[in-house]
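Trainee: sharing a model that was predicted from the sequence below.
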Amino acid sequence: QVQLVESGGGLVQAGGSLRLSCAASGRTFSRYAMGWFRQVPGKEREFVATITWSGGSTLYADSVKGRFTISRDNAKITAYLQMNSLKPEDTAVYYCAARYYGSSYYPSDYAYWGQGTQVTVSS
């Protein structure tokens with residue numbers, strides 16, 4: 001069982017940066033791939049980035065590639081999403097998720113989810 005708690009969201013101007021954190025519980029965190037997703041009202045949850053359990057491989061949505069960086073610290077059982085050059089279209093609730101072993105683009109592949117943190121980018 002893994003419990004996830006996101007933090008770090010907030011209001012930022014376009015072009016600014018935010019760093020989201022996802023604190024996990026459970027001794028087997030290092031065996032879980034981590035993903036970040038986002039959702040706006042009326043739309044489906046959207047893939048943002050994922051990182052393998054070892055941290056050796058990452059994947060990004062085209063819309064955030066080159067601006068966002070996913071990372072993890074297994075010793076601190078925490079995953080991160082560094083968001084730079086933010087745009088108004090990045091405004092959403094951001095969720096972290098955990099999937100045993102392999103990473104995935106698909107929300108339905110993730111068994112554990114945090115409660116979400118709001119990111120608002122003003123123009």
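Mentor: In hand now; what should we look at? Residues are numbered from 1 along each chain as shown.
Trainee: how about the contacts made by V48?
Mentor: With contacts defined as C-beta atoms under 8 Å, 6 or more residues apart in numbering, V48 is in contact with 35-38, 60-61, 64, 68, 81, 94. C-beta: built from backbone N, CA, C; applies to glycine.
Trainee: could you give the average pLDDT over the helix or strand containing it?
Mentor: Applying DSSP states H and E as the criterion places V48 in strand 46-51. Mean pLDDT, computed over strand 46-51, is 97.
Trainee: off-centre distance for the helix or strand harbouring R99?
Mentor: Assigned by DSSP H and E, R99 falls within strand 92-100. Computed by C-alpha atoms, centre = their mean, to the nearest Å, the chain-centroid distance of strand 92-100 equals 5 Å.
Trainee: outside of it, which residues touch it?
Mentor: With contacts defined as C-beta under 8 Å, 6+ apart, strand 92-100 is touched by 2, 4, 6, 9, 20, 22, 24, 29, 31-40, 45-46, 48, 79, 81, 107, 109-119.
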